[in-house]
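*Asks:* For reference, the sequence and a predicted model appear below.
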Amino acid sequence: MSKPKVVLVHPLGRNWLPGQVDMTRLANIMPPYGLMMLAAVLEREGFGCDIVDLYAHPRTLEELVPDILARRPDAVGFSTTTSSFPGGAAIAAALKDLRPDQPIVFGGVHPTSSWARLLKETPAIDAIVVGEGEETFLDLARAEFKPSSAIRGLAFRDASGTPV
């Protein structure tokens, strides 16, 4: 059996605070270094990995979701800041609408700082990598994207739906 394939998404950010000028397109124009490091670790261990950078190649949700699903990922990972979390959550929800069993994993500064609240409020998220992701995400991939308390740095919902 081949090792899982992962699609890593760098969603667009936007200023979602009322009355504020939106500077996110200027402030966030940079390569997704965190996702690139994560992809390098996964690929070194034999996992397939694609990066979808929406800053480099912006697309609508209607264009993006079928493209991600056509890649037949075993999991979809998102790295988000506070400004890009709403966009990432919308993509995750659209993926779950079409493929409810699709494992969805979030990481980045916003999910790290708010993991319990996000797991309560965002049903499309299956797990959150808290802190640096290379080892945690690799352990999750090795576990075939089945969250477990044995994976250090991973937040998820237990059988009763409580964030742990």
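*Replies:* In hand now; what should we look at? Residues are numbered from 1 along each chain as shown.

*Asks:* Am I right that T81 is in contact with R14?
*Replies:* No - here T81 does not reach R14: they are 10.8 Å apart, not a contact under CB atoms under 8 Å. Using the backbone N, CA and C atoms, a C-beta is placed for each residue, glycine as well.

*Asks:* Okay, now the unreliable bits of this protein?
*Replies:* For the chain, the stretches flagged by pLDDT under 70 are 1-2, 15-17, 22-28.

*Asks:* Which stretches in it count as helices?
*Replies:* 24-27, 33-44, 61-70, 85-98, 109-113, 115-121, 134-142 (DSSP state H).

*Asks:* could you dump those helices to JSON lines with distance to P163?
*Replies:* Formatted as JSON lines, those follow (distance: least, CB to CB, whole Å):
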{"stretch": "helix 24-27", "distance to P163": "28"}
{"stretch": "helix 33-44", "distance to P163": "23"}
{"stretch": "helix 61-70", "distance to P163": "25"}
{"stretch": "helix 85-98", "distance to P163": "16"}
{"stretch": "helix 109-113", "distance to P163": "12"}
{"stretch": "helix 115-121", "distance to P163": "4"}
{"stretch": "helix 134-142", "distance to P163": "16"}
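
*Asks:* For R157, find the nearest of these.
*Replies:* Closest approach to R157 among these (CB to CB): helix 115-121, 5.7 Å.

*Asks:* what's next to the closest one, contact-wise?
*Replies:* Residues from elsewhere that reach helix 115-121 (CB atoms under 8 Å, 6 or more residues apart in numbering): 85, 106, 110-111, 125, 128, 130, 155-157, 163.

*Asks:* Filter these down to the buried ones.
*Replies:* Among the contacts of helix 115-121, those buried by neighbour count (16 or more other CB atoms under 10 Å) are 85, 106, 110-111, 125, 128, 130, 155-157.
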